[in-house]
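J.: got a predicted model here, sequence first, then my questions.
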Amino acid sequence: MRTDQQSQPGPETSTRDEPANKAEALADWADGRLGIYSLAKANLRKIFPDHWSFMLGEIALYTFVIIILTGVWLTLFFKPSMAEVVYDGRYVPLKGIPMSEAYASTIDISFEVRGGLLMRQIHHWAAIVFVASMLTHMLRVFFTGAFRKPREVNWLFGALLLFLGMFDGFMGYSLPDDLLSGTGIRFMQGAILSVPIVGTYLQFFIFGGEFPGTDIVPRLFTVHILLIPGIMVGLLAAHLILVFYHKHTQFAGPGRTNENVVGMPLLPVYTAKAGGFFFLVFGTVSVMSAIATVNPIWAYGPYRPDQVSTDAQPDWYMGFSEGLVRVMPGWEISVWGGHTLNLGVFIPLVVFPSILMAIWAWPFLEAWVTGDRGEHHIADRPRNAPVRTAFGAAWMSLYLILLAGGGNDLLATHFHLSINAITYAVRIGFFTVPVVVFVITKRWCLGLQRRDREKVLHGRETGVIKRLQHGEFVEIHAPLPQGRLYTLTAHEQPQPTVLPPEVDENGVVRKAGLWTRTRTKLSRGFYGEGSQIAKPTAEEHQEISSGHGHH
């Protein structure tokens, strides 16, 4: 059977011009296999809003990169071993002293490896700034309501990153096996032992025997450089993907709605600014590391279980746990036939941190109280959500109170105070300060709302005094620009829910359940009278403007 060769379709030929150079040829080759042209077209011109507070998240990202880079370098010289050696290095005060290989290698990094001490300092300072920037970034998200739908999952990713970052930092400064870090590990061991039933088994498993064992430093090293960073890289990638997918929140302003984003394109403007900001952060951390010593392990000496370093304090982000233990009464109870339950350690280190971290569930609580199912891409001004802002401020005050409790010995020695008086003050402040801060912050927010309402209705003060015909002196008020009026009135004001009628249309009694009554009470507390100031209506503004002008 004869086949007509002319009727067969030939191979497809590209209509593109020949590549101008090797770089373009390489790009064409990659596009044919990865589709980078369409990917770049869809994402590289993506618009991002611009505001100084958005840089907090960038600082967290850049310090994480610095931690990874310096950490890889440090692993080349650090020996995660608890085998005992006798020091014979350059640091004369420690010569002839027995110590672990971990401590000896850290001393060698500090004094014998070129640039080693600076690398250690950069790594440690970057970790401190990393946790601080993550916490402030999440507080910014909380106070502006940027956690609302569709960003609840991304909020949880951020919470996990903060939690893992804190514990990875704790493991990092525990690795040198100096007297300060050893005291911190002893603290951790006490928390493990306080867990009922399984505490002793967990302690033997983690430490490889009685404290301090022989395995804790190698195991912390593996978790510190491999497990937790790997999880954090995955969470960070997911976090950034969701930021791209959901688009970035923006503050209210003219032309800004839930359906658009006003800002700069990712390439070239935002990329250039972000690149410059990365080197600015890197340079700032490097300067801090060069002029301010952190964790001078040579001054503490190697860890010995029978000694505790003076002024032993963890890094600030773990200080709240120290404060919880120091101010908690030493309660113990016997259960199940003589088994001792150490509540003085178990409650502050196991139970209460879970309650303290309940703030991570706030997006779901707020969505349930409001019944709001819509998407939100416009960030709130904190003053326009008084209860949320007051709760966040109270949470911060509680954290600071516990931080002061963790340093009660330093406060006592530096300010010549009684350590018992400080401890009792912290105990009282634990219950009273958050309540006081909540009330003051809420009233402050309501006062700012009233001020905004007055500005919208009467304009801004000009400082010009005018005398009226009947002798009264008044200040001239200038009307606000339309853009400013929009910014001050663009926020939403949810209305509190009400209980359904006690009797339905057929006269049958209908009782509201506990769940419904609780939600209604919370809704009144969040958005009822005394929790928000009503925005001025267009009619009110028009009436005042046309009635007697702006005085």
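T.: Perfect, thanks for sending it.
J.: tell me where the chain has strands.
T.: 47-48, 84-86, 98-100, 250-251, 264-265, 332-335, 339-342, 378-379, 460-467, 473-478 (DSSP state E).
J.: ok, the nearest residue to residue 142 once chain neighbours are set aside to residue 170 distance?
T.: Leaving out its chain neighbours, the residue that sits closest to residue 142 by Cβ to Cβ, 6 or more residues apart in numbering is residue 392, at 5.3 Å. Placement of C-beta: from N, CA and C, glycine included. Separation of residue 392 from residue 170 (Cβ to Cβ, to the nearest Å) stands at 25 Å.
J.: same question, residue 499
T.: 48 Å.
J.: out of those two, name the residue with the larger neighbour count.
T.: Legend: neighbour count by other Cβ atoms under 10 Å for residue 499 and residue 170, higher for residue 170 (22 against 13).
J.: I figured the more buried one hits residue 316, correct?
T.: No - here residue 170 does not reach residue 316: they are 11.8 Å apart, not a contact under Cβ atoms under 8 Å.
J.: would you tell me which helix is longest in the chain?
T.: What stands out as the longest helix in the chain, according to DSSP state H, is helix 419-458.
J.: which strands and helices sit next to it?
T.: Secondary-structure packing of helix 419-458 (3 or more Cβ pairs under 8 Å, 6 or more residues apart in numbering; DSSP states H and E): helix 319-327, helix 386-406, helix 408-415, helix 482-489, helix 538-548.
J.: which one of those helices has the lowest average pLDDT?
T.: With a mean of 66, helix 538-548 has the lowest mean pLDDT of the helices and strands packed on helix 419-458.
J.: how deep is the residue nearest to residue 142 tucked in, by neighbour count?
T.: 21.
J.: what stretches of the stretch 1-150 of the chain score poorly on pLDDT?
T.: Scanning the stretch 1-150 of the chain for pLDDT under 70 picks out 1-17, 19-20, 42.
J.: helices along that one, start to end?
T.: Ranges of helices in the stretch 1-150 of the chain, per DSSP state H, counting those that start in this stretch, are 22-34, 36-43, 55-75, 101-111, 116-143.
J.: burial-wise, tell me which of these comes out on top.
T.: Highest mean neighbour count of the helices of the stretch 1-150 of the chain: helix 101-111, a mean of 23 (counted as mean count of other Cβ atoms under 10 Å).
J.: now find how far off-centre it is within its chain.
T.: How far helix 101-111 lies from its chain's middle: 32 Å, per Cα atoms, centre = their mean, to the nearest Å.
J.: for stretch 379-390, same thing?
T.: Counting by Cα atoms, centre = their mean, stretch 379-390 comes out at 18 Å from the chain centroid.
J.: just stretch 485-498 next, same as before
T.: 27 Å.
J.: now the end-to-end length of that stretch.
T.: End-to-end distance for stretch 485-498: 31 Å, by Cα to Cα, to the nearest Å.
J.: what sits up against it?
T.: With contacts defined as Cβ atoms under 8 Å, 6 or more residues apart in numbering, stretch 485-498 is touched by 251-254, 370-372, 378, 380-381, 384, 452, 455-456, 480, 519-520, 523-524, 526-528, 532, 534-536.
J.: tell me the buried residues in the longest helix of the chain?
T.: By neighbour count on 16 or more other Cβ atoms under 10 Å, the buried set for helix 419-458 is 422-423, 425-427, 429-430, 433-434, 437-438, 441-442, 444-446, 448-449, 452-453, 455-458.
J.: same thing with stretch 212-229?
T.: Quick answer for stretch 212-229 (16+ other Cβ under 10 Å): 212, 213, 216, 217, 218, 219, 220, 221, 224, 225, 228, 229.
J.: which non-adjacent residue is nearest the third one?
T.: Think residue 216. residue 207 (5.1 Å).
J.: identify the residues contacting that neighbour.
T.: 189, 213, 215, 216.
J.: and those residues, which is the shakiest by pLDDT?
T.: Among those, residue 213 carries the weakest pLDDT, at 78.
J.: distance of that one from residue 382?
T.: Distance from residue 213 to residue 382, counting by Cβ to Cβ: 48 Å.
J.: these two touch, right, residue 229 and residue 68?
T.: Yes - judged on Cβ under 8 Å, residue 229 makes contact with residue 68 at a distance of 7.0 Å.
J.: from the contacts of stretch 485-498, which land in helices?
T.: 370, 452, 455, 456, 519, 520, 523, 524, 526, 527.
J.: and the fifth one, how far from residue 375?
T.: If I follow you right, that is residue 519. 22 Å.
J.: looking at the contacts of residue 207, which one is closest to residue 241?
T.: The closest of these to residue 241 turns out to be residue 216 (Cβ to Cβ; 36.0 Å).
J.: still on that earlier bit, of the contacts of stretch 485-498, grab the buried ones for ChimeraX.
T.: A single ChimeraX command selects the buried members of these (16+ other Cβ under 10 Å):
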select :251,252,370,378,380,381,384,452,455,456,480,519,520,523,524,526,527,528,532,535,536
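J.: in the protein, which residue is most central in space?
T.: residue 135 (2.6 Å; Cα atoms, centre = their mean).
J.: tell me the contacts of it?
T.: 162, 317.
J.: and it, how far from residue 105?
T.: Distance from residue 135 to residue 105, by Cβ to Cβ: 32 Å.
J.: quick one, what contacts the closest residue to residue 395 other than its chain neighbours?
T.: What sits nearest to residue 395 in space, not counting adjacent residues and going by Cβ to Cβ, 6+ apart, is residue 359, at 5.7 Å. Residues counted as contacts of residue 359 (Cβ under 8 Å, 6+ apart) are 142, 391, 392, 395.
J.: for stretch 420-427, list the C-alpha coordinates in PDB.
T.: In PDB, the C-alpha atoms belonging to stretch 420-427 read as follows (Å, rounded to 0.1, in the frame of the first residue of the first chain):
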ATOM      1  CA  ASN A 420      11.500  38.300  97.900                       C
ATOM      2  CA  ALA A 421       9.800  41.600  97.400                       C
ATOM      3  CA  ILE A 422      10.500  41.400  93.700                       C
ATOM      4  CA  THR A 423       9.100  37.900  93.500                       C
ATOM      5  CA  TYR A 424       5.900  38.800  95.300                       C
ATOM      6  CA  ALA A 425       5.500  41.900  93.200                       C
ATOM      7  CA  VAL A 426       5.800  39.700  90.100                       C
ATOM      8  CA  ARG A 427       3.200  37.300  91.500                       C
END
